[in-house]
Structures are given as C-alpha cells and as structure tokens.
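In: Everything below, folded, please.
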Amino acid sequence: MARDQRRLVAIVSADVAGYSRLMGRDDSAVLAALKAHRRELIDPKIAEYAGRIVKTIGDGLLLEFPSVVDAVRCAIEVQRGMADRNAGVPGDQRIEFRVGINIGDIIIDDDDIHGDGVNVAARLQASAEPGGLCISAVVRDQLQEELRNEFADMGEQLFKNIDRPIRAYRRALAGTFAGATPPLQRRITPSIAVLPFVNRSHDEEDEYFSDGLADELLNVLAKIRGLQVAARSSAFTFKGKGATVAEVGRTLNVATVLEGSVRKAGNRMRISVQLVNVTDGYHLWSESYDRTLEDIFAVQDDIAQSVVRELRSRLLSEADDAGAAAEATTQVAAAMKGRATDAEAHRLYLQARHFLARNNREDQAKAIEYLKQALDRDPKFALAWAELSLAYSNEAALGWASVVTGYGRAREAAARALALEPELAEAHAQMALIQRNYDWDWRGAEASFGRALELAPGNAVVLRQVGRLAASLGRLDEAIGLYRRAIEQDPLSAAAYASLGLALDEADRLAEAEQAYRKALELAPQRTLVHAGLGLNLLAQGRGDEALDEAQREPELWRRLWALTIIHHASGRGGEADAALDELIAKHAEDAAFQIAIVYATRGEMDFAFEWLERAYLQRDTGLSQMKPSQLLRPLHADPRWNALLRKMGLAD
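Out: Numbers count the residues shown, from 1 in each chain. Next up is the predicted model:
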C-alpha cells in the first residue's frame, strides 16, 4: 500500500468578510471586483512569495507556502493592498479578507491538502477581523522580532472540533476601524472590564468617589499577572449609557464584568459589587459592604482578592482553597503597593484624579492642589507622588508651565515615589516620560518603561508610551505593533487610534493612517491634534480640498495654524500660508518651535528650518523626540546639519 505524501508547510486560509451580505447587494459587481483583486493584486503576490493556490471555495482561498515568513509577509502585503483599494469605498461596500495562518504536516491528496493544520488555519481565519490576520503561536515563533511584535496575544482559544487549546495572535490591519471587533472564541485567559460604579449618594459631587473606587480596582487588577483587564478609557465609556453586560463584553472582548454602586453619607458608605459572566449574565460573585471611610482599604483588598479567586476558579477550574486564597492575598498586596494609609488623604487623591482626567489647564491646577493636600496628610503616599509627577509633566508638555520648571517638578515627585516604593509601576512610567520627553535619555526611558510593564503588564497607556519611544528611535514596525496591542486592551481609546495614525503616517501607510485618524475622531470628535494630523494625511494623498476642510476643524490653535500653513503653501495659496505662519510665530514661538521648523522644511527653506530646530533644542521642545520618523522633515535629510543634530539628540543610527 502506498504511503500518503506528507510535507510540513505554512497553511493560509482566507475568505471575504460579510460575503453573503455583499452578494445580496450586487452580486455581479462583487464578482467582478473579486476577479480584479485576484488578477491585479492577490495572485501576483502569492506567486511573488512562492505560494501555491491549493483551491478556491466560493469567496475563500486555501494556500500553502514553503516558508512561514513568506506566508505572513504575503498576507500582510495583500491586506495592505486591499486597504489601498478600499480607500474611499463606503464601509458596507468594501471587500475585506480575513486571513488565518498555521504550520502543519499536511497530507497531499491529488491537488488538495488535508490535516489538522488545515483545520486550525480555518479556525484562525474565522477569528480574524475584516482586513486582519490571525496566526498560531507556532507561526509567530518563526517570525523575526520586528514582525513578531506586530501581533497581539489573544490568549489560548478553544476552537470547534479542535481537541486542544490553540494560542493565537492577531494583527489588525486597515479596514478594522469602522466598527466593533467581532467576538472571539471563548477565552481561556481570564478577562474583565471594571465599569464605573454608580453613585447612589444624595450629593452628586460624591461621584468622584464612586468613579475613583472603580478606577483603583481596575488599576490593581491590571497588575495581576494572568488577567486581561480592559483599560479605563474604554471601560468608562459605558458610564451612564445603560449598556447590557453582553454589550460591554462584546465590545471590549472580555469574559466578565465587575459592576457596582456606592452610597456615601458622611463618614459611612455602602458598597455593593457583583462579578458577572458575560455569556449568560450569571453572577459569579457579589457582596455588599456597610463600613466607615476608614475601612476603605480593607474593602478594596477584599473585593480584589475575591475577584481574582473567582476568575481563576470559575474560568480556569483552579481549586479555590486555602492555597488559592493565600496566593490571591499576596498578589493583591503587591498590586496595592504605594497607596495611602490615611483615609482622608485617599479621598483627596480620588478628587485629584477626577480633575486630572479632565485634562484642561484649570482642572489640572485643581488636581495639583488636591494632591498636595493629600501629601501633607500622608507624605509617604507613593501613588500620590507619582500622580503629582504626571500632573506636572502634563503642564510642561501642554505649555501650561515652562518646560524646565514643569519637568523639574515632575522628576522630583517621581523620584520621591520611587524612593518610597521602588516597585511602583506608575512611578517608573512617569520617570520614563521625563527621560524621553525632557532628558532625551532613550536607553533610560526604555529601561524605565520596560520595568513599568513588568510591574503592570495590563497598562495600555504605558504600551502607547513605549510605542511612541519606538517610533522616536525609528522602529516604526515595532511602534505600530505596540499601538495595536494597546488597542486590543483599550478598543475605545481615541488616543490609541490617534497614536497609531501618526505612526502609520510616518511609515507611509497613508490609507491605513487615514482610517486610524477617522476612528479616533469617531470616538472623540473634538479631540485635539487629530484633525490637523488627518488634514496633513489627506494632503499627502493629493486631496487638498479635503485636507483644508479637516485642518480648519482642529480645535487647538497652534496645531490648526501649523497645518493650515503647510496646506495653503502646498496648494499655491502663498498669502494665506504666510499669514498663518506669521500668526503661529507671533503667538507660539516659545512652545511650537519644532512645528515652525517643520513648516520651513516643507517650504524648502532649509536655513530657517535648522534655525528653528536649534531653537527647539535650546527650549527642550518635546516635539524633537518625533524628528527622526517625521516624514515632513525628510527634505532636510541630505543636509549635513541633519545628521549632526541627530547625533546631538542621541538619535543617530
């Protein structure tokens, strides 16, 4: 009897997302478009990377590649090409592929292939977003670091008719930003969203307290290894919306939701919490606490420990015994490091965070005052020192205080926090920001950010900051991967999408960048800096009228003037360009020197561009951290002064 032919290959499974819906709209047009995509993009790319089309099944393709790296690169290039082709096409009319890749020992049957590896590839494909790519762990392990870092960990997945868990990773590409991410298969990694607690007090001003308790619990759980916690900016989006637990779980891609309420009257409080399973709405655990404010720390410990134990026992089938209780107690105690010992200091800290989140000059000043009051009562309150460092950094970065003064105060506060609590993730993250934005100490910032992520692996904000550092050093593929990981944890964050848009712009992936910017504005229409970024993106795509309209919507004056100056000049409106530049210099020479240098670079006025870059250097302008990847500064690259400045900044290769 002849033995079956076998070989080890990379298996690619792909299909068109929403194919039946598309065919229902206009089947002839869809078939014609698919043929064109195959002829002009997909089939040539498969041939370029030495792949073989095993078979086509309606809208689907089954492919094999001798090299797993080539399979992944081919899939990425096809998805990018499809993103470009979909640019300007309404979302409900786009042809977007979902792709799954696995490595397997296949059985060859004439021209067909079979085997468990093929089945896994098909299941991975079904878990990919439209325009996205999902791979198995064995595929990811074969990739080089720059490519591997672009894939976000989905945890272990249980797939239909596959008898073992498969660890999966996904890479969201263009086309995924128009709507919510589809639900994944059932997770094995415990995942949770902590919703803002409902304020049931008679005084509406006590809302800072109920929000603050939920926020603190979220931050504590994000430090527990093995838990996936939705970020605050996404979880708190549901405040006051009346969303069901199922809707929250589906949107944030979590298995459980922690919700609760707080009633505060004088020194008394009643806190009610419940942990709910997203799938069936079943309460895994609930508890009510009638205590005084002085008992708040014991209540927080009890809630966090109970949540950790319930998630692990219910979702992982781990024993809930004395050993599990001791482990949860130890982990929560480590995550709680740096908190207050004085209840009133804790209350002042929650008020400060409430104002700090509003991110305007007046409320930033209020936050600083509350933090100072908290530290007067409890000078060893390390978390408050870290938060004070953040407030001072914000003032410096946004021009509300001088750069030297603001970052000087921020460094002193961060150092106090670290002296009190050397393993405080928030303090390491703050020190990293200062090292990156003010010191231009890239190695130091990388080490501090790395330590922050070790201590709080679920912190999406730190992931974004690490992404910005990678971009500053010219590692754009790594930066894009980090931003996508941040979005995995914080899918409703306008800031994450705005950061992704900038990195994609810097990588010349203009169509993908446009979609990221538009998603940021969909989530936060008045967010500063994004309209200007989108305007310049549209200009680079040759869409000048749209670019002008978008830039004029930018709410931040200096950013609006900066974008308008560049767009007017590129469109031949010299008078308008000069007027905008004159106003920019008159009003913002002290806090926008880097942007003024960019304007002169785009105008080809090299001497003025370098003059303003040197001025930015003397001012310690934080924008200089973006100089290396900036596509708008490329006209300066051939000038010897460019490399000299890179060396002075510590950014030379």
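
In: Just the helices from the stretch 351-500 of the chain, written as ranges.
Out: With DSSP state H, counting those that start in this stretch applied, the stretch 351-500 of the chain shows helices at 361-377, 382-397, 403-420, 425-434, 442-455, 460-472, 476-489, 494-506, listed in chain order.

In: Show me what the third one packs onto, helices and strands only.
Out: In terms of contact count using 3 or more C-beta pairs under 8 Å, 6 or more residues apart in numbering; DSSP states H and E, helix 403-420 is assigned the packing partners helix 382-397, helix 425-434. C-beta: built from backbone N, CA, C; applies to glycine.

In: Any idea which of the ones you listed gets closest to L548?
Out: Among the helices and strands packed on helix 403-420, the nearest to L548 by C-beta to C-beta is helix 382-397 (28.0 Å).

In: I'd like the mean pLDDT over the closest one, please.
Out: The pLDDT scores in helix 382-397 average 93.

In: sorry, back to before: what's the least confident stretch among the helices of the stretch 351-500 of the chain?
Out: Ranked by mean pLDDT, the helices of the stretch 351-500 of the chain bottom out at helix 476-489, which scores a mean of 87.

In: Need the contact partners of it.
Out: Applying C-beta atoms under 8 Å, 6 or more residues apart in numbering, the contact partners of helix 476-489 are 145-147, 149-153, 171-172, 228-231, 234, 253, 458, 460-461, 463-464, 466-468, 470-471, 493, 496-497, 499-500, 503-504, 506-507, 629.

In: Just the angle for it relative to helix 460-472, thanks.
Out: Orientation check (axes from the mean of the first three to the mean of the last three C-alpha atoms, to 10 degrees): helix 476-489 against helix 460-472 gives 170 degrees.

In: relative to helix 494-506, how tilted is helix 476-489?
Out: 160 degrees.

In: chain center to helix 476-489: distance?
Out: Computed by C-alpha atoms, centre = their mean, to the nearest Å, the chain-centroid distance of helix 476-489 equals 6 Å.

In: Return a PyMOL selection command for the buried portion of the contacts of helix 476-489.
Out: Selection of the buried residues among the contacts of helix 476-489 in PyMOL, burial being defined by 16 or more other C-beta atoms under 10 Å:
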select buried, resi 147+149+150+151+152+171+172+228+229+230+231+234+253+458+460+461+463+464+466+467+468+470+471+493+496+497+499+500+503+504+506+507+629
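
In: in the lowest-mean-pLDDT helix or strand in the chain, what's buried?
Out: Lowest on mean pLDDT, DSSP states H and E among the helices and strands of the chain sits strand 112-114, with a mean of 73. Neighbour-count burial for strand 112-114, counted by 16+ other C-beta under 10 Å, picks out I113.

In: next one: stretch 340-347
Out: Buried residues in stretch 340-347, counting neighbours by 16+ other C-beta under 10 Å, are found at A340, D342, A343, A345, H346, R347.

In: Ignoring the adjacent residues along the chain, who's closest to R312?
Out: Nearest residue to R312, sequence neighbours excluded (C-beta to C-beta, 6 or more residues apart in numbering): E318, at 4.5 Å.

In: That neighbour: neighbouring residues, count only.
Out: Neighbour count for E318, taken as other C-beta atoms under 10 Å: 15.

In: Return the distance of it relative to T251.
Out: 28 Å (C-beta to C-beta, to the nearest Å).

In: Spell out, range by range, the strands that occur in the chain.
Out: Counting by DSSP state E, one finds strands in the chain at the ranges 5-16, 52-57, 60-65, 97-109, 112-114, 133-136, 152-157, 166-171, 191-194, 198-199, 228-229, 256-265, 268-277, 283-292.

In: Redo these as JSON lines? Include distance to N360.
Out: Formatted as JSON lines, the strands of the chain follow (distance: least, C-beta to C-beta, whole Å):
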{"stretch": "strand 5-16", "distance to N360": "45"}
{"stretch": "strand 52-57", "distance to N360": "55"}
{"stretch": "strand 60-65", "distance to N360": "51"}
{"stretch": "strand 97-109", "distance to N360": "42"}
{"stretch": "strand 112-114", "distance to N360": "60"}
{"stretch": "strand 133-136", "distance to N360": "40"}
{"stretch": "strand 152-157", "distance to N360": "32"}
{"stretch": "strand 166-171", "distance to N360": "36"}
{"stretch": "strand 191-194", "distance to N360": "25"}
{"stretch": "strand 198-199", "distance to N360": "22"}
{"stretch": "strand 228-229", "distance to N360": "27"}
{"stretch": "strand 256-265", "distance to N360": "26"}
{"stretch": "strand 268-277", "distance to N360": "30"}
{"stretch": "strand 283-292", "distance to N360": "34"}
